Structures are given as C-alpha cells and as structure tokens.
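In: this one's sequence-less:
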C-alpha cells in the first residue's frame with residue numbers, strides 16, 4: 001500500500017469527530033451534524049471546483065455521519081468522481097463510500113462499473129485490489145453481469161500478482177454465491193483447480209474457498225482437485241512448524257488451509273486411485289498421531305488450531321466410512337475429549353460421536369463410552385451439551401443396551417431442561433418401541449413416560465402404544481392391569497386418562513375377575529377423572545363407557561344414568577351432547593347381538609412405520625432421520641404390530657370406528673400425515689398414514705425408469721437420487737383408489753427456483769394432485785406433494801412424473817415413471833384348496849393364461865419369496881398346492897369399471913435355480929402384464 005503523504009491527515013475530519021464526541025446531548029449532536037451537512041452541501045454546489053483532498057475530506061465526513069445512523073441523500077457523485085483519481089487515498093475513500101452507501105439499484109452503477117473496469121485494466125495491483133473489493137462488497141447482479149467473465153481471467157493470468165489473485169478468488173466466490181447462474185467457469189476450470197499448486201499459500205487459501213463452493217454445486221467438473229488437495233495436505237501435515245514460518249500459527253502449520261483442504265475432500269467419495277488414497281490415509285493417521293503428542297504451547301490458540309484440524313479430519317473419516325482402523329481411532333480420540341475441561345470440546349466430541357455411532361465399523365467402539373456419556377447427561381451444566389449426550393445415547397442404542405439407556409433417559413427426564421423434554425420423550429418412545437422384546441417392558445416404559453412428562457407426550461406416542469397393545473394379544477391383559485393401577489394415582493395426567501379409557505374400554509374384561517378391578521370399580525375410577533379433562537378426552541371416555549355396557553352388562557344402569565344427566569345430554573359442546581344422546585339411545589334400543597356387533601373389539605391395525613419417527617424428524621428438521629432408520633423402524637414395528645401385511649376388514653373397521661373415541665381415528669392414520677396442501681381430500685383419503693424421507697433428481701428429458709421395478713412388490717422407498725435432488729415415495733392402495741406421497745429433497749445448499757411438477761396419465765388411470773408445490777425449494781429442505789389415483793380399468797402404462805427446476809441458472813428437467821402398476825389394486829382373496837382348483841379350471845381359456853419359465857435372478861430364499869408375493873398384493877394361500885414347495889396366490893383387481901380375478905402359481909426348482917410362473921386371470925391382458933412384472937422380481 002502506498003505511503004500516506006503528510007497532507008492526508010484530514011484535520012477537518014478529526015475536528016468534526018471531536019466536536020461530535022463533545023456534544024452533551026442528542027439535540028446538540030443533531031445540530032452540529034446539520035450544520036456540517038449544510039456546509040458540505042454548499043461546498044459541493046459552489047462554483048469553485050474542489051480539489052481531490054477536499055472531496056475526500058467531505059466524503060469521509062458524510063460516511064461518518066451515515067455510520068452514526070443519519071440518512072445521507074447527496075455526495076454520491078463526488079464519491080464516484082474520487083474513483084478516477086490517481087491518488088490511492090482518494091480512490092480508497094471513494095470505493096469505501098460506494099461499498100457502504102450505494103445500493104445495487106443506484107443510477108450510478110453504470111458510472112461505477114466504468115471506473116472499476118478502468119482500474120481492473122490498469123495493471124496497478126493496488127487499484128485492482130480496491131476494485132475487486134468493491135465488487136465483492138456490493139455484490140450486485142449488475143456487477144456480476146459486468147465482471148463475471150473478466151475476474152476468472154485475472155485470477156489465472158500468469159502475470160497477476162499474488163495479492164490480486166487472492167482478492168480475485170474471494171471476489172469471484174462472492175459473485176458465485178449471489179448470482180451462480182452468471183459465474184460460469186467453463187474453460188477456466190482446470191486452471192482454477194491448479195491454483196492449489198500455487199507457491200503462495202495465501203493464494204491457495206483463497207482459491208480453495210472458491211473451489212470448495214464450486215465443487216459442491218458441480219462436483220464432476222472439479223473432481224481433479226482431489227489429488228491436488230491430498231498432495232498439498234500431505235506437504236502441510238508432514239512439514240515442521242519452521243517450514244511454513246509465515247503461515248504457522250502457534251506452532252501449527254497453516255491450520256486454516258488444512259481445515260479447508262479437509263473440508264474440500266468431504267465433497268467427494270474416497271479417491272479411486274490407490275496411491276492418492278494411501279497418501280490421504282497417511283495424512284489422516286499423522287493428524288491423529290499429532291493429537292496424542294504433548295502440546296508445544298500452553299496457550300489456548302495452539303490447542304484451538306490443533307483441535308480444529310483434528311475435528312475436520314475426523315469429519316472426513318466419518319464421511320468416507322470405509323476405513324475401520326481410522327474410525328475406531330477417531331472414536332477413541334473423541335472419547336478422550338468427553339472428559340476434557342473445555343465445554344466446547346466435550347460438545348464437539350459428543351456431536352461427532354453421534355455420527356460415528358451410525359457406522360458399522362465404529363458402533364461397538366462408541367458403545368464402550370456409554371458410562372461417560374450417561375455421566376455427562378447427569379452432570380453437565382450446559383443444556384446444549386446434555387442434549388448432545390442424549391442424542392449420542394439415542395444413536396448408540398441397540399438391543400444389548402436398550403433397557404439401560406431408556407432407564408437413564410427416563411431418569412434424566414424428571415429433571416431435564418424444558419426446552420429438550422419433548423424431543424427426549426420422542427426418543428424414549430422410539431427406543432422403547434424399536435428394541436422391545438418384552439412387551440410388558442414397553443408398556444411400562446410408555447406409561448412411565450406419560451407419568452413423568454405427560455405434558456410433552458404428543459398424540460403420536462399414546463396412539464402408538466394403543467396400536468401395539470391392540471395388535472399383541474399377549475400384552476393386552478398386562479396393559480389393562482398396569483394402566484388401571486396408574487389411574488389410581490391422585491394426580492393423573494390427561495394423556496394417562498386417554499390411554500386408560502381406550503385400553504380399559506377394549507380390554508377391561510381381562511382384569512374384571514379381580515374384585516379390586518371389578519367392572520364398577522373400573523368405571524368409577526375412569527369417571528372420577530371425567531370432570532378434570534378436556535372435551536376431546538371426555539368424548540373418548542364416553543366412548544369407553546358405551547364399550548363398558550357391551551363388556552359388562554351389569555354396569556348398564558349406572559352408565560345410562562351418567563349419560564342421561566343434564567351435564568351430558570344438554571352439554572354446551574355439540575360433540576359431547578351428540579355422543580351422550582346417541583350412546584344412550586343405542587344402549588336402550590339395541591339388542592345384545594346388535595350392540596356386540598357395533599361395539600366389538602377393535603381389529604388389529606395394518607403394518608406401517610411408527611408415526612413417532614415422523615414426529616421426531618419433523619422436529620429436528622430435514623435430514624434428521626435417515627431413510628435407513630425409517631426402514632429399520634418398519635422392520636422392528638412389524639414385529640411389534642403383529643399384524644403382518646393384512647389390514648382389518650373395512651366393514652368391521654367402520655363399525656368399530658362408529659363407536660370409538662374420535663382420537664382413535666388417528667390410529668388409523670387419518671390425521672397422522674397431513675398433506676402439504678389444504679385442499680379437501682378426495683376418495684383416496686380413506687388410506688392409512690404414510691411417513692418417509694425424500695428421494696432424488698436430475699437434468700434429463702428422457703424417461704427414467706431405473707427405480708420403477710423395485711416398487712412392484714413394495715410401496716415405500718427412494719425412487720430416484722442424484723447429487724442434486726432426492727425423490728422418495730410412500731403409497732397406499734385400497735380397492736380401486738390409491739394415494740401417493742411424493743417427497744422432494746434438495747440435497748444441495750442452493751435454492752431450487754421455478755420448481756414445478758406435472759403428472760401425465762394413461763386414459764385408464766385418473767390422478768388428482770392435492771396442492772401445488774412451492775416454486776422455491778431452499779437448500780437442504782424437503783417438500784411434500786400428495787397424489788390421489790383412481791384405477792378406471794386395467795392398464796399397462798405407468799403415469800409419468802415430470803419435474804422441472806432451475807439450479808445455478810441451468811434448467812433441470814427430469815421425467816420419471818411413477819411405480820403405479822396393475823397389481824397395486826389387488827384385493828386379497830382367501831380360498832380353500834378345493835375352491836382354488838375349481839376356479840383354476842374355470843380359467844382354462846388359452847388367452848387367460850400366461851406362463852414363463854426363467855432363471856432365478858436373486859436368492860431363492862423362502863421368506864424372501866413369500867415377502868415378495870405378499871408385497872404383490874395377493875393372498876398367499878397355505879396348504880393348497882399338493883407340492884409344499886410351490887406357492888399359490890389369489891386376488892381380485894379392483895377397477896372402477898370391473899373386477900378381474902387372478903390366480904397365481906409359482907414353482908421354484910432350487911436345484912436348477914429356475915422358476916415356472918403361471919398366471920390365470922379373467923382378462924388376458926392382465927395375465928400377460930402381471931407375468932412380465934413378476935418374472936423380473938425373482
């Protein structure tokens with residue numbers, strides 16, 4: 001920077017600032033400022049031309065007045081005139097004023113751009129840096145349009161000075177973040193990447209910030225940077241602190257550059273080149289080794305720099321998740337930090353170990369620190385550290401330690417900070433459900449949860465426990481006994497009353513034999529809580545009372561008296577009044593058989609994922625719960641549900657719902673997964689709830705059907721994924737109706753603009769989209785769209801989903817086949833052996849049969865085959881085929897115009913690894929289509 005001449009002290013500015021500081025009141029300050037503004041305005045408007053020094057001085061005063069919080073509406077032109085000065089100090093003040101006061105819509109932008117162009121082409125490094133700083137500070141779209149093509153040329157030019165290269169790289173980064181569509185590297189890409197080999201460490205540090213940002217958006221274009229980054233990192237890590245003297249910070253060589261290199265490598269998978277990968281592993285091992293060495297300085301700056309590199313290295317090891325030795329070493333290193341006196345280090349260690357716990361290589365190593373983590377949960381003063389400890393316990397939990405972890409979390413919940421109680425409750429509920437082997441333990445845990453933190457137990461939690469109790473015959477009696485005892489507490493949370501009302505209404509008869517829990521005792525216990533409850537809970541209790549009349553006829557008179565009282569049949573709440581009147585009438589006029597039919601026990605609920613996981617995911621934000629975790633939960637919950645893949649008979653369900661409390665409807669998922677749109681649901685709203693993560697996206701106009709066949713025998717999962725977008729689906733079908741939830745997840749940190757989706761259907765299907773997706777999808781966000789489907793007649797062509805959006809200015813166009821196949825509309829048909837073969841013979845026309853003999857594409861595992869056939873939607877019939885190795889299925893395809901009966905026979909030959917698949921349907925086109933689809937599944 002040029003030396004400041006003696007006359008540049010601006011004594012007038014110093015005097016003005018001194019006067020402002022000496023003002024005794026706000027009024028005096030305003031008076032002095034107004035006086036100065038009037039003087040500056042007269043000087044600017046005067047006939048006498050001002051010299052550069054005077055302009056600079058007055059512009060500085062205006063800038064100071066603006067920084068004091070006063071509006072400045074003149075002086076901009078004088079500041080622009082300073083840009084043409086050849087004197088550094090005058091040009092500097094001009095650029096400073098423009099950077100602070102000129103907005104992107106100013107009429108002066110064109111003049112400013114001309115001045116900047118002159119400075120960029122002047123080859124004076126000081127003037128070039130000033131111009132680049134101004135571009136970066138203003139960062140307007142107009143400036144990006146004017147200079148986006150010029151700055152890369154300056155950056156890679158061989159004669160550009162190092163200081164200018166640094167400024168150019170950071171300026172280009174700023175423009176790319178504000179207007180990514182205008183900054184196109186193109187021919188400069190390879191030369192920008194090779195800046196990682198620059199001799200000047202400052203240039204490398206600035207360039208790597210730019211390359212990292214570009215790599216996140218266009219990884220394929222910049223993948224050559226991996227080997228260069230590894231090479232540069234290796235040189236830094238292996239160097240002594242004296243080798244990079246100018247860039248050594250408290251005995252740590254180039255810590256900022258090291259962190260940035262490690263962060264850049266996290267944008268890519270492990271290197272494919274063995275030599276590069278080996279060199280990188282050596283670097284990571286060296287960093288872990290240095291962490292074990294005694295500190296070279298006791299100052300906090302030394303440990304901060306050293307630990308910053310260590311944590312970035314551990315993040316890279318976790319990202320690769322392919323080096324067991326490094327993962328275990330990283331875990332052990334983090335374990336040492338768990339008891340460090342620095343709170344920040346303990347927090348970071350817990351946070352990193354949460355991620356390590358999800359790796360198959362390091363999960364066991366993480367579990368060895370369970371006692372330390374439990375201690376942190378109990379003793380940490382900082383609530384954020386306690387929250388991370390709870391997260392880590394949740395992540396390290398498995399069947400071997402579930403009871404211990406759940407017990408500790410329940411114990412902590414009694415004194416937990418209010419801000420994290422709801423999340424803690426959800427986690428305890430998920431763990432208790434996921435790892436329950438003894439279902440009485442599960443019931444005890446959830447009831448304990450309600451007792452300890454009832455205010456934070458959401459509807460999803462108590463819905464779920466009821467769902468599981470209904471689906472498990474072996475736990476119903478225990479649940480009824482336990483909840484009866486819990487209700488005897490003087491102070492009982494309303495959620496406990498809800499659970500008690502529901503379970504005793506369904507299974508109170510299982511404990512009625514004990515005089516201490518006789519029917520009247522149960523009723524009186526529930527009714528003693530009635531006046532303390534809210535309207536929805538009272539409604540539930542009224543439904544429990546009418547169920548009691550069916551279960552225990554001896555309570556009929558007592559309950560009718562309650563229903564008949566004015567506080568019920570004349571209740572101001574229309575819901576309570578209607579229930580009381582209808583239940584009273586039902587109990588009075590219905591015969592015992594009718595009453596038993598209407599009020600029969602709830603049927604088992606169909607298998608589905610836990611809605612509690614969806615609640616936790618929603619609370620934590622996008623990406624908080626992985627697809628794998630949801631799928632794991634589905635497998636675990638299928639054991640808990642005990643309902644297999646069959647759903648309850650719709651007529652029975654309808655009859656039961658007519659007399660059960662309104663919250664019970666949500667156990668069928670009517671409210672659990674509300675669509676984004678507020679549009680009214682069509683006929684498809686009969687379907688049960690679905691929850692999911694999102695799935696993937698690309699920029700291709702061709703139809704993509706890569707994931708289509710994976711969904712023939714399943715309804716949920718990731719349909720498509722690339723580096724930008726993930727698209728996931730959850731779907732449910734009943735008779736000729738279907739509902740599909742589409743989840744669009746933005747995997748980048750950049751906003752998707754003009755996001756639109758359209759669905760085109762063959763004539764045999766009719767679709768209706770509930771709500772339009774938002775046109776802007778923020779980076780890392782996920783949006784949901786709901787699609788209702790109606791099958792009018794049999795079909796072979798699937799609907800097409802077209803997605804268009806702008807990413808980085810480029811239009812992305814993706815067309816996918818939606819996995820809607822004819823088998824989705826199957827209704828299960830149970831048949832005896834005689835009926836099956838009688839129907840088989842009736843479908844004997846040649847065109848009604850489709851047969852295919854093919855080689856097995858997958859393992860011929862019995863359970864896998866059964867799961868796929870059940871996923872197909874047909875009923876799997878046991879003891880029907882004379883050969884027990886064969887599989888036979890039956891089902892009816894429901895369309896709006898007709899029903900198509902279908903019979904299937906699958907004959908595996910394990911020795912030859914072959915199958916013979918035979919389908920007979922009442923419509924020949926359906927036989928052929930099903931045969932084609934199924935042959936590719938086995």
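Out: Nice, thanks for sending it over. This structure is a prediction, so every number in the text was calculated from the model and none was measured.
In: so which bits of stretch 10-29 are buried?
Out: Buried residues in stretch 10-29, defined by neighbour count with 16 or more other Cβ atoms under 10 Å: 10, 12-13, 16, 20, 29. No exception for glycine: its C-beta is placed from N, CA and C like everyone else's.
In: which of the residues you listed sit farthest apart?
Out: By the measure Cβ to Cβ, 10 and 29 form the most distant pair in these, at 20.3 Å.
In: which one of the buried residues of stretch 10-29 is nearest residue 480?
Out: Of the buried residues of stretch 10-29, the one sitting nearest to residue 480 (Cβ to Cβ) turns out to be residue 29, at 76.7 Å.
In: and the helix or strand harbouring the closest one, how far out from the chain's middle?
Out: Element membership for residue 29 (DSSP states H and E) is helix 26-45. Computed by Cα atoms, centre = their mean, to the nearest Å, the chain-centroid distance of helix 26-45 equals 55 Å.
In: helices or strands up against it?
Out: On a contact count with 3 or more Cβ pairs under 8 Å, 6 or more residues apart in numbering; DSSP states H and E, helix 26-45 meets helix 11-21, helix 52-67.
In: tell me the domain boundaries of this structure?
Out: 10-101, 705-820, 823-937 (the TED database).
In: please convert the helices and strands packed on helix 26-45 to CSV, extending it with mean pLDDT and distance to residue 455.
Out: What follows is the helices and strands packed on helix 26-45, written out as CSV (pLDDT from 0 to 100; distance: least, Cβ to Cβ, whole Å):
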stretch, mean pLDDT, distance to residue 455
helix 11-21, 90, 54
helix 52-67, 90, 49
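In: would you list the ones you listed in CSV and tack on distance to residue 885?
Out: Listed next are these as CSV, based on distance: least, Cβ to Cβ, whole Å:
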stretch, distance to residue 885
helix 11-21, 95
helix 52-67, 86
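In: contacts for the helix holding residue 29, please.
Out: Helix 26-45 has contacts (Cβ atoms under 8 Å, 6 or more residues apart in numbering) with 16, 19-20, 23, 50, 54, 58, 61-62, 65, 68, 70, 74-75, 78.
In: again, only using 10 Å
Out: Residues outside helix 26-45 that contact it (Cβ atoms under 10 Å, 6 or more residues apart in numbering) are 12, 16, 19-23, 25, 50, 54-55, 57-59, 61-62, 64-65, 68, 70, 72-75, 77-78.
In: for that helix, buried residues please.
Out: 29, 33, 36-37, 40, 44.
In: and stretch 806-823, by the same measure?
Out: Buried positions in stretch 806-823, judged by neighbour count with 16+ other Cβ under 10 Å: 807-808, 812, 814-823.
In: and what of stretch 477-493?
Out: By 16+ other Cβ under 10 Å, the buried positions in stretch 477-493 come out as 478-484, 486-487, 492-493.
In: following element in sequence after the helix or strand of the chain with the lowest mean pLDDT, please.
Out: Scoring the helices and strands of the chain by mean pLDDT, DSSP states H and E places helix 650-657 at the bottom, with a mean of 32. Remark: after helix 650-657, the chain's next helix or strand is strand 703-704, criterion DSSP H and E.
In: same for that next one, what does it pack against?
Out: With contacts taken as 3 or more Cβ pairs under 10 Å, 6 or more residues apart in numbering; DSSP states H and E, strand 703-704 sits against strand 800-807, strand 810-817.
In: pull up the pairing partners for the last one, direction included.
Out: The strands beside strand 810-817 in its sheet (DSSP bridges) come out as strand 703-704 (parallel), strand 800-807 (antiparallel).
In: what mean pLDDT does the first one have?
Out: Going back to what we said before, that points to strand 703-704. Confidence over strand 703-704 (mean pLDDT, whole number) is 70.
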